[in-house]
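Participant: Take this sequence and fold it.
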Amino acid sequence: ESLEEVVMPYLNVLVDFRERVRKIALEENVTPVLKECDVLRDETLADLGVRLDDKEEHTRVKLVGREAIMKEKEMLTEKMRQKEEQKRKSEEAKRQRDAQAAVPPNQMFLSQTDKYSKFNEEGLPTHDAAGEPISDKQQKKLRKLQQAQEKKHFAYIKNKTD
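Facilitator: Numbering: from 1, shown residues only. All right, here's what the predicted structure looks like:
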């Protein structure tokens with residue numbers, strides 16, 4: 001007899017018991033018991049090379065070997081790490097967008113003294129860092145940036161008051 005032929009009847013009995021316990025725990029909302037069922041599936045049996053796949057109608061049992069399960073766990077852990085990293089980057093980008101949107105349009109260029117030296121009453125630069133007047137073409141671009149900032153800032157203020 002192969003290992004699988006010897007072990008599977010015992011595993012099937014264990015899995016049937018686990019399924020009945022899980023069903024009762026789900027019906028009675030007994031979270032600690034559900035967690036122990038997950039520990040049995042994800043750690044105890046996995047360390048022995050046994051995979052349990054919980055399905056809607058029943059749980060499938062497979063002998064796949066400890067190494068295969070450990071490799072799957074590593075891949076899953078890496079995938080979750082990447083997902084967390086992506087979430088962190090997304091949250092950081094949102095914080096940066098919010099910080100930028102929080103700046104009133106008439107103040108958006110004032111801190112850029114490395115680029116501009118003089119500003120008009122609307123906060124638009126009139127002279128570059130060297131003291132030279134800014135061209136009409138460049139002022140038009142800066143005005144468009146300021147108008148875009150007005151929209152972002154208005155939306156930011158509106159979201160803060162809602």
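Participant: With adjacent residues omitted, what lies nearest to Thr31?
Facilitator: Leaving out its chain neighbours, the residue that sits closest to Thr31 by CB to CB, 6 or more residues apart in numbering is Ala25, at 7.8 Å. C-beta here means a position set from N, CA and C on the backbone, and glycine is covered the same way.
Participant: Would you confirm that Leu110 belongs to a strand?
Facilitator: No: under DSSP: H, G, I helix; E, B strand; the rest coil, Leu110 falls outside any strand and is assigned coil.
Participant: From Gln139, how far off is it?
Facilitator: Going from Leu110 to Gln139 by CB to CB, to the nearest Å gives 16 Å.
Participant: in this protein, which spans are strands?
Facilitator: For the chain, the strands defined by DSSP state E occupy 50-54, 59-63, 116-119, 125-128.
Participant: Mind putting these into CSV with mean pLDDT, mean neighbour count and distance to Glu4?
Facilitator: Listed next are these as CSV, based on pLDDT from 0 to 100; neighbours: other CB atoms under 10 Å; distance: least, CB to CB, whole Å:
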stretch, mean pLDDT, mean neighbour count, distance to Glu4
strand 50-54, 91, 17, 11
strand 59-63, 91, 15, 5
strand 116-119, 94, 15, 76
strand 125-128, 95, 16, 77
